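Visitor: no sequence for this one, just the structure:
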């Protein structure tokens, strides 16, 4: 049986936090003299009421114990409930609940697909709320990936179980301390990003909003033209830097602070990510210089910004790459699947899984050539735990099958193939923009049918929680004793 | 070290067979009074000369022994060399060698993508040669899948190793006998198909050509409008029947003849294939009736023909399904990946791999829920061999990665995303037509750039030989001792 009490209490606690956060946009609106503050105020009250009720009814003197089943239920239910309540202020400003839920889920999962148009004309409160959701969602997923997913052994995340638990034994004794450290590092990155954006020309409001959505590799902007609005190469390079930082494993930062700078370049995943990112930037730069006749400086910046934005699954755009020719579109479509490092704010398949898969594929070929050879596989200097290879490859296969499933579903709802396929890949990878005229980098999700928005909201949740966490709940065996 | 002698001898033998087959189109041309017979005659002489030379130089009194490495080299090199020689008659009729090789590879791999236009105006010899290539290729792949692939343990084909070798011990003592039996069954199916086509209105030439490309689930037609040319519901239903027969495991037919009719419906793969095919036909029929307002009879026929054509990876079209709305396009794109049964003439991922993957995914979920549970997996009433799960899932992951790789490559050659993606999926699955304006069901591969044709020829080879057989040769470890 699934224990309800700890789930209810934790959920209550998180809803109270969300309720407190809703006060911030209300204050901004009051300061601006906008009357839309009431939407945030009412939403905050309702959320606090429900959250408090859950907290009280779930409270117990006994120390809280979470089993595996509770872990799966809690993780999934939290993300769904937070999105459901976070959507309320959007309803208050006049959006249908479908659109409001889509926007909230897109925010929390740090996807960055939007159904809002004319962003530049929206009240500051709404823009801030979208950015806050992404900031909170980014922190939420790092904590989930550090604490819950390795415990639940989802998609090979047990690879980081021993590692992070060993590290936490050495570095920080308990999970709470790990959460605090992560939150502190996240806040420091945020402050540095705000300062850098302001130093190079953004107004304070834009700087705060964009920092919240850059470090969380999420991608909401306060302008319809996204990052292209600022037309500032320096700001773009700053953005590139912080997108990369947001896509690195946060455990690395803890090690850096503890005086182990070598952790950064000794980590297999960080190295793989860096080489892959630089390689792709070089290829696209070369393409832009030779085929599109751009100067080196412009080509390098355009390539770095848009490639980093896709690989880190941020989804900012500085230019409509649909105009860069067929190669860019084909490559960027495939890059939507890659993602950043595990334990970061980025989505997608993630670098370590691709590295493990590459290693497995090599060993499989060796095994085909000499069936009796025994091959030991190590990752990051440790021997690969026995159940990781299959977990990782199963994740890859189910990831692709899920993209296929959503593609057919969206096609049945009337979306053309490019839109269906790229929307499915983008939502599952928590990237943001898709491809094609409707949802491409210069497009928007507002014109999609209502059902498609629910389907995509579900896809974003699935992708964010690494598929298995949610899918396991759909199995009848889960609910049997 | 790889032993050269048995490879050379077997290759020589196969080239001599191809040379003999080339005489048939030459005879047809002579009978028609066409002067294009000389192209086939000259090609036949050259092929016979080279084949004979190889046969003589590789001949040895000692019994031939093939190791694993020799198996990989022989399988790959045979398909490449046969395509290289089979392309010669197309050069003789004026095609550039790139186009000729593409057409020959597309024929032999039973893909069915064509670069030839105005098929209706071509000499009978050329049309017959295209069909003969597919007929030979279909038999070739069944034999390869029965004898070589399980031996090489490619992509989980070892699942059929014990099975087919045990069966062959019981049913037919040696590999040669198995080949003979397969060829006999294949010929009987061919003759039945020709008879049925002729009985319901095809002229003898069309009947022979289409039977050769139906039973081999290959898809070349003698008309630009493909099967739509005949505009005959009865012929379409006959075609559906023989496409399905071609996509069943040929071992089943041997068992049927041996008086085990239950083999057909007891086989897990045959059942899975049948249910999946019927399910998809039902869905598309329902869609055509409700959304496209077709009558049941027409909807059922259109659905059955086009769904069967894609799932069996034949590639005949009776109608341009691009006009059926977004759902059909999305679904048919995904269906390109599925494929028929192992040990059949069809391509794609294949039903047994999807069944094994589904079983593994279920067991993985159970394992996530209760980590200590021990789950035994059986397939077709037998316990799954230890290395099959990983082989199958690795195949799926590498299949998808390969589609991604070819998509980017074709994009870089200037093809739009839909064309690149569907061409990659179609070539790798040996389906035939792609999607979009260029290579869609009413399109043609002739306008693609030269490089793209070579890339796709390679993709067809990869797909036909179940990826690993070819990819393993690209690994440096293969060539080390």
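Guide: That came through, no problem. These numbers were taken from a predicted model, which means no experiment stands behind them.

Visitor: Residue A:343 - how many residues pack around it?
Guide: Residue A:343 has 27 neighbours, counted by other C-beta atoms under 10 Å in any protein chain shown. C-beta here means a position set from N, CA and C on the backbone, and glycine is covered the same way.

Visitor: residues contacting the residue nearest to it when sequence neighbours are not counted?
Guide: Spatially, and ignoring its direct neighbours in sequence, residue A:343 is nearest to residue A:249 (4.2 Å; C-beta to C-beta, 6 or more residues apart in numbering or on different chains). Shown here is residue A:249, whose contacts under the criterion C-beta atoms under 8 Å, 6 or more residues apart in numbering or on different chains are A:267, A:269, A:270, A:341, A:342, A:343, A:344.

Visitor: Mind picking the lowest-pLDDT entry from those?
Guide: Going through the contacts of residue A:249 one by one, the lowest pLDDT turns up at residue A:343, 87.

Visitor: So it sits against residue A:253, correct?
Guide: No: taking contacts as C-beta atoms under 8 Å, residue A:343 lies outside contact range of residue A:253: 10.2 Å.

Visitor: Got the phi and psi for the residue nearest to residue A:257 when sequence neighbours are not counted?
Guide: Nearest residue to residue A:257 in three dimensions, chain neighbours excluded: residue A:185, at 7.4 Å (C-beta to C-beta, 6+ apart). Note on residue A:185: its backbone torsions stand at phi -60, psi -40 [degrees, to the nearest 10].

Visitor: With residue A:142 as the reference, measure out to residue A:185.
Guide: Distance of residue A:185 to residue A:142, computed by C-beta to C-beta, to the nearest Å: 9 Å.

Visitor: between these two, what contacts are shared?
Guide: Counting by C-beta under 8 Å, 6+ apart, the residues touching both residue A:185 and residue A:142 are residue A:250.

Visitor: Tell me which of the two has more neighbours.
Guide: residue A:142 (23 against 20).

Visitor: what's the following helix or strand after whichever helix or strand that one is part of?
Guide: With elements delineated by DSSP states H and E, residue A:142 resides in helix A:124-143, which encompasses its position. Using DSSP H and E, the helix or strand that directly follows helix A:124-143 along the chain is helix A:149-152.

Visitor: so can I have a markdown table of the contacts of residue A:249 showing secondary structure?
Guide: What follows is the contacts of residue A:249, written out as a markdown table (DSSP: H, G, I helix; E, B strand; the rest coil):
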| residue | secondary structure |
| --- | --- |
| A:267 | coil |
| A:269 | helix |
| A:270 | helix |
| A:341 | coil |
| A:342 | coil |
| A:343 | coil |
| A:344 | coil |
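
Visitor: which of those residues tops the neighbour count?
Guide: Of all the contacts of residue A:249, residue A:344 has the most neighbours under the rule other C-beta under 10 Å, reaching 29 neighbours.

Visitor: how about that one, phi and psi?
Guide: As for residue A:344, its main-chain torsions (degrees, to the nearest 10) stand at phi -120, psi -170.

Visitor: how near is the closest residue to it other than its chain neighbours to residue B:16?
Guide: Spatial nearest neighbour of residue A:344, excluding adjacent residues (C-beta to C-beta, 6+ apart): residue A:247 at 5.0 Å. Using C-beta to C-beta, we find residue A:247 at a distance of 59 Å from residue B:16.

Visitor: Residue A:323 too?
Guide: In this structure, residue A:323 and residue B:16 are separated by 55 Å, where distance is defined by C-beta to C-beta.

Visitor: In terms of neighbours, single out the busier of these two.
Guide: Under the criterion of other C-beta under 10 Å, the comparison of residue A:323 against residue B:16 puts residue B:16 first, with 18 against 11.

Visitor: quick revisit: surely the residue nearest to residue A:257 touches residue A:255?
Guide: No: under the criterion of C-beta under 8 Å, residue A:185 makes no contact with residue A:255, lying 10.9 Å away.

Visitor: So in chain A, which helix runs the longest?
Guide: Ranked by residue count under DSSP state H, the longest helix found in chain A is helix A:5-32.

Visitor: Show me which parts of it are buried, residue by residue.
Guide: Applying a neighbour-count criterion of 16 or more other C-beta atoms under 10 Å in any protein chain shown, the buried positions in helix A:5-32 are A:6-16, A:18-19, A:21-22, A:25-26, A:28-30.

Visitor: Next, the angle helix A:124-143 makes with that helix.
Guide: Between the axes of helix A:5-32 and helix A:124-143, defined by axes from the mean of the first three to the mean of the last three C-alpha atoms, to 10 degrees, the angle is 150 degrees.

Visitor: Tell me who's in contact with residue A:464.
Guide: Contacts were defined as C-beta under 8 Å, 6+ apart; by that measure residue A:464 touches A:79, A:108, A:109, A:110, A:111, A:137, A:141, A:347, A:430.

Visitor: Widest-spaced pair of the residues you listed?
Guide: A:79 and A:347 (13.1 Å; C-beta to C-beta).

Visitor: So which bits of the stretch 151-300 of chain A are right by chain B?
Guide: For the stretch 151-300 of chain A, the residues found near chain B under the criterion C-beta under 8 Å from any C-beta of the partner chain are A:152, A:153, A:154, A:287.

Visitor: Of the residues you listed - the most surrounded one?
Guide: Within these, residue A:154 tops the neighbour count with 26 neighbours, counted by other C-beta under 10 Å.

Visitor: Work out for me the element that residue sits within.
Guide: Counting by DSSP H and E, residue A:154 is held by no secondary-structure element, helix or strand.

Visitor: got a list of what the nearest residue to residue A:255 once chain neighbours are set aside touches?
Guide: Distance criterion C-beta to C-beta, 6+ apart; nearest residue to residue A:255, sequence neighbours excluded, is residue A:263 at 3.8 Å. Residue A:263 makes contact with A:252, A:255, A:256 under the criterion C-beta under 8 Å, 6+ apart.

Visitor: Sort out which residues of whichever strand or helix holds the last one are buried, please.
Guide: Of the helices and strands defined by DSSP H and E, residue A:256 is found in helix A:250-257. By neighbour count, with 16+ other C-beta under 10 Å as the criterion, the buried positions of helix A:250-257 are A:250, A:251, A:252, A:253, A:254, A:255.

Visitor: would CSV of the contacts of residue A:263 with pLDDT and distance to residue A:44 be doable?
Guide: Written out in CSV, the entries for these read as follows (pLDDT from 0 to 100; distance: C-beta to C-beta, whole Å):
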residue, pLDDT, distance to residue A:44
A:252, 89, 36
A:255, 85, 38
A:256, 87, 37
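
Visitor: okay, and for chain A, where does confidence drop off?
Guide: A:1, A:63-64, A:161-174, A:481 (pLDDT under 70).

Visitor: Could you look up the SS state of the residue of chain A positioned farthest from its centre?
Guide: Summary for chain A: using C-alpha atoms, centre = their mean, the residue whose C-alpha lies farthest from the chain's mean C-alpha position is residue A:372, with a distance of 42.2 Å. Using three-state DSSP, the secondary structure recorded for residue A:372 is coil.
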